[in-house]
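Student: no sequence on this one, just coordinates:
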């Protein structure tokens with residue numbers, strides 16, 4: 001029953017008539033099953049990130065999308081809901097609809113690495129990320145991010161970064177494209193924008209795959225906000241489960257099932273933490289790399 005609800009997006013009334021049960025019973029079943037799906041699969045298919053997992057992700061991003069030192073692509077998806085009672089304009093977004101935000105960090109194979117569900121639709125993606133648990137952990141250095149390392153074939157020691165669009169604030173650990181007016185007159189910055197946007201689109205593709213598999217995203221969710229959050233979390237972890245079965249890549253197998261922590265450190269970078277790199281400086285290092293500068 002719950003699988004049919006997620007996959008088809010049928011209303012509770014339609015499902016209740018099909019199974020000859022009450023609508024309230026269907027609602028309780030959907031809530032309970034989504035809870036069980038999340039609690040059972042999340043420790044396996046969306047486990048808390050480790051340094052080893054970030055290293056695997058970074059290697060695959062460079063191999064597949066030619067963007068080094070990348071931990072993931074980040075973006076928010078506005079999931080349409082029916083206006084919650086007494087919510088004012090909290091859930092009314094710029095798309096002229098009511099929504100909750102699925103904020104996700106996505107890996108190179110379109111798998112969800114971290115998600116934050118339930119942000120108000122009126123808020124910007126950048127604000128939602130920075131106020132989320134994941135965003136705060138990135139800012140305070142408790143996200144098990146690997147130590148900075150050299151960009152390939154260069155002398156630039158660069159931190160690992162997330163890549164996002166213009167909605168995010170440029171930081172040492174978050175890269176965004178240059179404004180179009182700036183990049184249009186600078187070939188080097190335009191090349192950086194192309195490389196970043198090509199790698200960043202994996203998050204857009206992941207959202208598309210999620211919606212195509214679980215067609216409940218094709219129409220407004222006639223659910224309470226708490227129930228909508230459970231549905232979103234359940235579909236995201238099911239998405240990861242299906243990706244692990246269909247992709248058949250060593251990367252996903254290692255990421256989901258390896259428990260050994262990688263503690264190898266490079267001595268030549270032991271003092272890097274004392275350097276306070278700005279977002280502009282880190283972005284300049286990537287601009288130089290994509291334009292063949294600072295080569296060994």
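Tutor: Yep, that arrived. For clarity, every value in this text was computed on a predicted model and none was experimentally measured.
Student: the helices in the stretch 1-150 of the chain, which residues?
Tutor: For the stretch 1-150 of the chain, the helices defined by DSSP state H, counting those that start in this stretch occupy 2-8, 12-19, 23-45, 51-65, 125-131, 133-140.
Student: Next secondary structure element downstream of the strand or helix carrying residue 226?
Tutor: If you go by DSSP states H and E, residue 226 is part of helix 225-247. Note on helix 225-247: by DSSP H and E, the next helix or strand toward the C-terminus is helix 250-257.
Student: quick one: average pLDDT of the helix or strand just after that next one?
Tutor: Once helix 250-257 ends, the next helix or strand along the chain (criterion: DSSP H and E) is helix 279-290. Across helix 279-290, pLDDT averages out at 93.
Student: same deal with stretch 195-211?
Tutor: 96.
Student: what's in contact with it?
Tutor: Identification of contacts with stretch 195-211 by C-beta atoms under 8 Å, 6 or more residues apart in numbering yields 61, 65-67, 70, 72-75, 77, 102, 104-108, 110-112, 163-165, 175-177, 217-218, 235-236, 239, 286, 290. In this view, the C-beta of every residue, glycine as well, is placed from N, C-alpha and C.
Student: one step back: pull out the buried positions in the helix holding residue 226.
Tutor: 225, 227-241, 243-244 (16 or more other C-beta atoms under 10 Å).
Student: Hmm, residue 151 is touching residue 70, no?
Tutor: No. Counting by C-beta atoms under 8 Å, no contact exists between residue 151 and residue 70, whose distance comes to 11.1 Å.
Student: With neighbour numbers in mind, choose between these two.
Tutor: More crowded of residue 151 and residue 70, by other C-beta atoms under 10 Å: residue 70, with 27 against 20.
Student: so who does that one touch?
Tutor: So residue 70 contacts 57, 58, 61, 62, 160, 161, 162, 163, 199 (C-beta under 8 Å, 6+ apart).
Student: at 10 Å instead, please
Tutor: 54, 57-62, 107-108, 160-163, 175, 196, 199-200, 202, 286 (C-beta atoms under 10 Å, 6 or more residues apart in numbering).
Student: PyMOL command for the buried members of these?
Tutor: Typed into PyMOL, the line below selects the buried ones among the contacts of residue 70, using 16+ other C-beta under 10 Å:
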select buried, resi 54+57+58+60+61+62+107+108+160+161+162+163+175+196+199+200+202+286
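Student: ok, now which ones touch the residue nearest the centre of the chain?
Tutor: Closest residue to the average C-alpha location of the chain: residue 105 at 1.7 Å, with C-alpha atoms, centre = their mean. By C-beta under 10 Å, 6+ apart, the contact list for residue 105 reads 49, 57, 71-75, 112-116, 129, 134, 138, 162-164, 203.
Student: what about 6 Å?
Tutor: 72, 74, 113, 114 (C-beta atoms under 6 Å, 6 or more residues apart in numbering).
Student: So what sits opposite the closest residue to the first one other than its chain neighbours in the bridge?
Tutor: Nearest non-adjacent residue to residue 72, counting by C-beta to C-beta, 6 or more residues apart in numbering: residue 105, 4.0 Å away. Here residue 105 shows beta-bridge partners residue 74, residue 114, assigned using DSSP bridges.
Student: list the buried ones in the lengthiest helix in the chain?
Tutor: In the chain, taking DSSP state H as the definition, the longest helix is helix 187-213. By 16+ other C-beta under 10 Å, the buried positions in helix 187-213 come out as 188-190, 192-193, 195-196, 199-204, 206-207, 210.
Student: got any ranges where the stretch 101-250 of the chain has weak pLDDT?
Tutor: 250 (pLDDT under 70).
Student: what about 80?
Tutor: 247-250 (pLDDT under 80).
Student: Quick check: the gap between the residue lying closest to residue 49 once chain neighbours are set aside and residue 51.
Tutor: Leaving aside its sequence neighbours, residue 49 sits nearest to residue 144 (C-beta to C-beta, 6+ apart; 5.7 Å). According to C-beta to C-beta, to the nearest Å, residue 144 and residue 51 sit 5 Å apart.
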